[in-house]
Each structure stands twice: as structure tokens, then as C-alpha cells.
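Chemist: here is a sequence together with a model predicted from it:
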Amino acid sequence: MNKKNAKPMIIEMEKVTVCKKGNILLDNFSLNIKTGENVAIIGPNGAGKSSFIRTVTGDLRPLHSEKTFVRLFGKERWNVFGLRNKMGIISGDLQDEYMRNIPGIEVVVSGFFSSIGLYRNHSISRDMKRRAHEVLGFLGIEYLALRPINEMSTGQARRLLVARALVHDPDVLILDEPTNSLDLRARHIFRQSMRTIASKGKNIILVTHNLEDLIPEIDKVVLLSEGSVYRDGPMDEILTAENLSDIFGVQVQVFSEGGYYHVW
Ligand SMILES: Nc1ncnc2c1ncn2[C@@H]1O[C@H](COP(=O)(O)OP(=O)(O)OP(=O)(O)O)[C@@H](O)[C@H]1O
């Protein structure tokens, strides 16, 4: 592909090392994610998945070296709010922070301000409210608009946070272990929502240790081990029994059917 047709990168990380309290969180970590590429980041506990996300969001800073850079949407310097406008993030931590008496619609509208709930200094327009209802409708959860989030099931609250992450129309949606603690039905519904979002052209970056979360729309799988990229490439090349046995340190078998993968 010539340079003119090359798709711009969303994330470029080159030789990134992050340390905290004497631990190496990311170790000479390099990874590129292109516009339009749906990516799954997989690895065992402690492999560096959360550290990767926290480096992307600017919560963790790499050690300085001449060859190191973190470039997001082609730029190395971002203010936090500018970046939050381009990315929507959903994580269990965010859900924990929201466990208060806040109606669904307010949770969604707060996505415009990247805040936990709404405050007096927030000026909420009619367009914002209209857009929030539109996203709730798109995800089929209009019925949650008036229900306080702390009275929702885990699966309902998780889908509400997807609405919050989508409300300002970000380019990229980052999902950190999105189906943790969801039951079979809630997982199924959540996966369908991810598929719908991917079909609308949003970039999905899915971080998980659960292979069953990988929807067929995932273009690239990145396996992490000990703070580094162990392998990356198309699903069928990367999700082999050999690779997964290696990074999880246990002998596994992999089976795929209809674009989904199962491991045991
Ligand atoms: N705040 C911190 N201070 C020191 N070490 C940390 C800190 N956070 C994470 N680590 C260490 O960094 C490594 C990577 O952790 P990270 O949370 O990124 O892994 P993970 O792949 O997200 O794991 P999990 O699947 O358990 O969530 C681990 O060895 C962890 O102990």
C-alpha cells in the first residue's frame, strides 16, 4: 500500500517501558493499531493489559528514552479532555465509581463531560439529551433512562456505560474486561451490542482474558505476556493452542466455530 492510501494510526507505541514501585508494568512494549482495525488484547493476569490502557489514557507515563514514543491519532501531546473526546472507555472500575443513586439518562449525559454524574457547572443542552436518548434507543435500553444505576443489574449497568461511552460519538471504544461478572444471557446481549457498534464503523479495542468475548469483527489479536507483546496478527493465526498454552502456562485446546473461539 502506498503512503497516500495508508490508513492513519490510532495508537503507535514504540519501545515503551513503564515502572511503578520497582515493578515493570510494560517492558519495551511496541504496538500499532490502525484506523478501522478492531483489536483484541489478550493475556493472563498481570500480563500488562490494564497498564497498556492506562498508558494510552495518560494515567501512566513511560520511562524516557530516545526511541520511546506514544502517539495517539498521530500526535504525541494531548490534553486529557481532547483525548477523552476521541475515546470512550468502559471498565469495571468505572462501573464501581458509578454505584450511586444517579438516573440512567444522567449517567449517559455525563459522558459529554467525562465526569461521574452531573454537577451544577455542567451546562446541558437539549441536543445532548436528545443524543443520550438516541444512544439508549440504539442499544435497546431506553427503559433504563429513569432507573438509578445503583438499582440496575451488573449487565444493565454495563450496557448503560456503553451508552455513556458512545454518547459523544468517539472514534474508538476501549472495553476493559467488559463481560466480567455478567451471566450467560447478559454476555450474549453485550456481544451483540459490540457487533452492532463495530458494524457502525467504530473502532473497538477489547481487552480481555476471556476468548469467548472475541466477536468475529475482531481483525487483530495481540497476545501479551510479562508486559510485552508476545504475538500479534489475525485471529486464526494467533489463537492457537500452542500460543495460548505458552502465555497462560497451562496446556489448552482451542476450538473455533462460526467466527467464535472457545478454549478449555
Ligand atoms: N500501581 C502499581 N504499582 C506497582 N505494580 C503494579 C501496579 N499496577 C500493576 N502493577 C504490576 O504490573 C504488572 C501488570 O499489571 P496489569 O494490571 O497491567 O496486568 P493485567 O494484565 O491487567 O492483569 P489482570 O488480568 O489481573 O487485570 C503486574 O505484575 C502488576 O503486579
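Modeler: All right, it came through fine.
Chemist: after the helix or strand of the chain at the bottom of the mean pLDDT ranking comes which helix or strand?
Modeler: Lowest by mean pLDDT, DSSP states H and E among the helices and strands of the chain is helix 80-86, with a mean of 82. Under the assignment DSSP states H and E, the closest C-terminal helix or strand after helix 80-86 is strand 87-91.
Chemist: elements contacting that following strand?
Modeler: Contacts defined by 3 or more C-beta pairs under 8 Å, 6 or more residues apart in numbering; DSSP states H and E place strand 87-91 against helix 49-56, helix 154-166, strand 172-176. Glycine gets a C-beta too; all of them are placed from N, C-alpha and C.
Chemist: what sits against the closest residue to the ligand within the stretch 51-200 of the chain?
Modeler: Closest to the ligand within the stretch 51-200 of the chain is S51: 3.3 Å, counting by C-beta to the nearest ligand atom. Going by C-beta atoms under 8 Å, 6 or more residues apart in numbering, S51 touches V18, L25, L26, L60, G227.
Chemist: same thing with P170?
Modeler: The contact partners of P170, taken as C-beta under 8 Å, 6+ apart, are N85, K86, M87, G88, K202.
Chemist: as CSV, the helices and strands packed on strand 87-91 with mean pLDDT would be great.
Modeler: As requested, the helices and strands packed on strand 87-91 are arranged in CSV below (pLDDT from 0 to 100):
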stretch, mean pLDDT
helix 49-56, 94
helix 154-166, 92
strand 172-176, 93
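Chemist: how about the residues of the chain by the ligand?
Modeler: By the criterion of C-beta under 6 Å from any ligand atom, the positions of the chain lying close to the ligand are 20-21, 23, 25, 43, 45-51, 209.
Chemist: among the contacts of S51, name the ones in strands.
Modeler: Among those, DSSP state E puts V18, L25, L26 in strands.
Chemist: among those residues, which one has the most neighbours?
Modeler: Greatest neighbour count in the ones in strands among the contacts of S51, by other C-beta atoms under 10 Å, goes to L26: 26 neighbours.
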